[in-house]
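Asker: This is the structure alone, sequence omitted:
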C-alpha cells in the first residue's frame with residue numbers, strides 16, 4: 001500500500017500533520033502520486049494540483065475539516081461537486097462536520113480524530129520557572145488564545161467563525177473576577193483582539209509565530225485557555241491542551257465533545273459556569289498519541305484498498 005498526501009505547504013496545521021504522517025509511516029508513503037495506490041486529499045482546497053488522470057485512476061480519500069454554510073456559495077458548491085465524483089470516502093474529525101457533510105453527499109463518511117505527538121505537547125511541572133523566563137508575574141491569571149482572528153488579508157474585520165468578539169466578552173467578564181488577569185496571544189492576524197484588548201486596557205503578551213516548543217511552554221503557563229469559536233474543524237488547541245494538561249473551556253465546536261468533559265463546554269449565556277477538567281481531557285486524548293493514533297487510519301485505508309477487516 002502506497003499513499004500520497006497533498007501537502008498544501010501553507011505553514012498551517014495540515015502541513016505538520018503531513019510531516020508527521022510521512023515521518024512515521026514512510027513505508028506506506030510516497031511523494032509521487034503516480035506511484036500511489038491511494039490519494040489522500042487532506043487539503044481539498046489545493047486538489048487542483050493533482051492531475052485528474054490520477055484522481056480517476058486511484059482510490060481517493062478526502063478530509064473535510066469543517067463546513068461553513070454561510071460561505072458555501074455557488075462557486076463552493078460547484079467545486080465540491082467536481083471533487084465529489086472522484087472521492088471513494090470522506091474523512092472528518094467531528095460529529096458536526098459529519099452531519100453537515102451528509103447534507104451534500106451520499107458518499108461514505110468516516111469520523112476519526114487526528115493523532116498528536118506527545119514529544120511536542122506535554123506537561124511541564126516547573127511553571128514558576130517558565131513565568132520567570134518570560135518575565136510574567138507569578139500572581140497573574142493568564143488566559144490564552146492561540147489562533148488567528150481576521151479574514152485573510154483584511155486585518156480589520158474579525159473572523160467571526162473563530163469568535164474573537166466572544167473571546168473579548170469572556171475576558172472582560174473574567175477580569176472582574178480576576179483583577180490580575182492578563183492575556184497570552186499567539187498566531188498571525190491577531191489585529192482584532194489586540195485592538196480590543198488595548199481599548200479595554202487589558203494587559204497582554206503577544207507571540208506572533210512560534211515553534212511548537214515555545215507554544216508548549218506558553219500552554220503550560222496558562223491558568224485558562226478559551227476556545228470561543230462558532231465553527232471549527234478541530235481546533236488543534238483542544239488536542240494540545242488535553243495532552244499538556246492545560247485548563248481549557250470551549251464552545252461546542254469541532255472535537256470538543258470527544259475530549260472535554262461536558263462541564264468544560266459552554267454557551268455564551270453560561271460561560272462563567274464552565275469548569276476545566278484537565279484529567280478527563282488527558283485521559284480521553286491518550287488514544288490519539290503517536291504511534292497509536294495512526295492505527296485507525298492505516299486500518300481504514302487497508303479496508304478501502306484490500307477489503308481487509
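Answerer: Received the coordinates, thanks. Note that the coordinates shown come from a computational prediction; the quantities given were computed from them, not determined experimentally.

Asker: out of everything not next to it in sequence, what's closest to residue 281?
Answerer: The shortest distance from residue 281 to any non-neighbouring residue, by C-beta to C-beta, 6 or more residues apart in numbering, is to residue 242 (3.8 Å). For every residue, glycine as well, the C-beta is placed using N, CA and C.

Asker: Check the offset of the helix or strand containing that neighbour from the chain's centre.
Answerer: Using DSSP states H and E, residue 242 sits in helix 236-244. With C-alpha atoms, centre = their mean, to the nearest Å as the basis, helix 236-244 stands 9 Å off its chain's centre.

Asker: What helices and strands are in contact with it?
Answerer: Using 3 or more C-beta pairs under 8 Å, 6 or more residues apart in numbering; DSSP states H and E, the elements in contact with helix 236-244 are helix 212-221, strand 224-227, strand 248-251, helix 256-259, helix 278-285.

Asker: Out of the ones you listed, which is closest to residue 2?
Answerer: With C-beta to C-beta, the closest approach to residue 2 among the helices and strands packed on helix 236-244 belongs to helix 212-221: 28.5 Å.

Asker: can you list contacts of that closest one?
Answerer: Applying C-beta atoms under 8 Å, 6 or more residues apart in numbering, the contact partners of helix 212-221 are 120-124, 127, 130-131, 133-134, 136, 142, 144, 146, 184, 186, 207, 210, 225, 240-241, 244, 246.

Asker: Could you measure from residue 18 over to residue 109?
Answerer: Per C-beta to C-beta, to the nearest Å, residue 18 is found 21 Å from residue 109.

Asker: ok so residue 98 is a strand residue?
Answerer: No. Residue 98 is assigned helix when assessed by DSSP: H, G, I helix; E, B strand; the rest coil, not a strand.

Asker: I'd say it and residue 111 touch.
Answerer: Yes. The criterion here is C-beta atoms under 8 Å, and residue 98 meets it with residue 111 at 4.8 Å.

Asker: rewinding a little: who's more crowded, residue 18 and residue 109?
Answerer: Per other C-beta atoms under 10 Å, whichever of residue 18 and residue 109 has more neighbours is residue 18, with 19 against 16.

Asker: Next up, the contacts around the closest residue to that one other than its chain neighbours.
Answerer: Nearest residue to residue 18, sequence neighbours excluded (C-beta to C-beta, 6+ apart): residue 7, at 4.1 Å. For residue 7, the contact set (C-beta under 8 Å, 6+ apart) comprises 14-15, 18-19, 42-43.
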